[in-house]
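Undergrad: Fold the following.
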Amino acid sequence: MPNHANRKRRTTSRAGRARARPGSIETLNALIEEATVDAYGDEQQIGGFHSCLEERLEVPFATVVLGIPVQVTGIDYDEAGLLVATCIRGKLVQRISLLELPLPEPPPPGHEWIAAYRHWSRGRG
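TA: Down below sits the predicted model:
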């Protein structure tokens with residue numbers, strides 16, 4: 001009988017398999033599918049991304065916006081219903097579109113959900 005104890009466990013979910021190849025189109029498409037499953041129309045799909053980002057993007061994280069260091073403290077909606085990052089520096093608060101938010105190096109855990117949202121957004125228009 002073969003010894004299976006030392007074998008690496010293989011992930012069987014599509015999103016789990018895709019996460020093994022970060023940054024690939026397959027990964028982005030799997031994340032998009034996960035975020036938008038059972039969502040109809042842009043509003044519900046954006047809501048799916050918001051939920052995934054809330055659960056999986058580690059905040060706060062530091063980044064630089066227009067040469068100024070800021071802390072990204074969360075993800076929210078703007079007036080148009082699109083996703084924005086809440087950026088804070090001291091007492092100043094600015095919301096920056098996730099489509100425009102520069103990510104630090106190394107990016108925060110969960111950053112692949114921002115990449116998936118950006119990829120999905122490009123395909124909508």
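Undergrad: make it CA atoms for all contacts and neighbour counts henceforth
TA: Fine.
Undergrad: Now do the contacts for the closest residue to Ser97 other than its chain neighbours.
TA: The spatial neighbour of Ser97 that comes closest, neighbours along the chain excluded (C-alpha to C-alpha, 6 or more residues apart in numbering), is Val84 at 4.2 Å. Neighbouring residues of Val84 by C-alpha atoms under 8 Å, 6 or more residues apart in numbering: 75-78, 95-98.
Undergrad: try it again with 6 Å
TA: 75-77, 95-98 (C-alpha atoms under 6 Å, 6 or more residues apart in numbering).
Undergrad: just the buried members of the residues you listed?
TA: Members of the contacts of Val84 that pass the buried threshold by neighbour count (16 or more other C-alpha atoms under 10 Å) are listed as 75-77, 95-98.
Undergrad: Skipping adjacent residues, who's closest to the residue nearest the centre of the chain in space?
TA: Centrality entry for the chain: nearest residue to the mean C-alpha point is Trp113, 1.8 Å, by C-alpha atoms, centre = their mean. Using C-alpha to C-alpha, 6+ apart and skipping the chain neighbours, the partner closest in space to Trp113 is Leu53 (6.2 Å).
Undergrad: related to what we said a few turns ago, now the residue nearest to Ser97, which residues is it bridged with?
TA: Asp76, Ser97 (DSSP bridges).
Undergrad: Report pLDDT for it.
TA: For Val84, the model assigns a pLDDT of 98.
Undergrad: how near is it to Arg95?
TA: As for Val84, its distance to Arg95 is 6 Å (criterion: C-alpha to C-alpha, to the nearest Å).
Undergrad: try Pro108
TA: If you measure Pro108 against Arg95 using C-alpha to C-alpha, the figure is 18 Å.
Undergrad: next one: Glu43
TA: For Glu43 relative to Arg95 (C-alpha to C-alpha), the value is 19 Å.
Undergrad: cool, and Ala116?
TA: When C-alpha to C-alpha is the yardstick, Ala116 and Arg95 sit 20 Å from each other.
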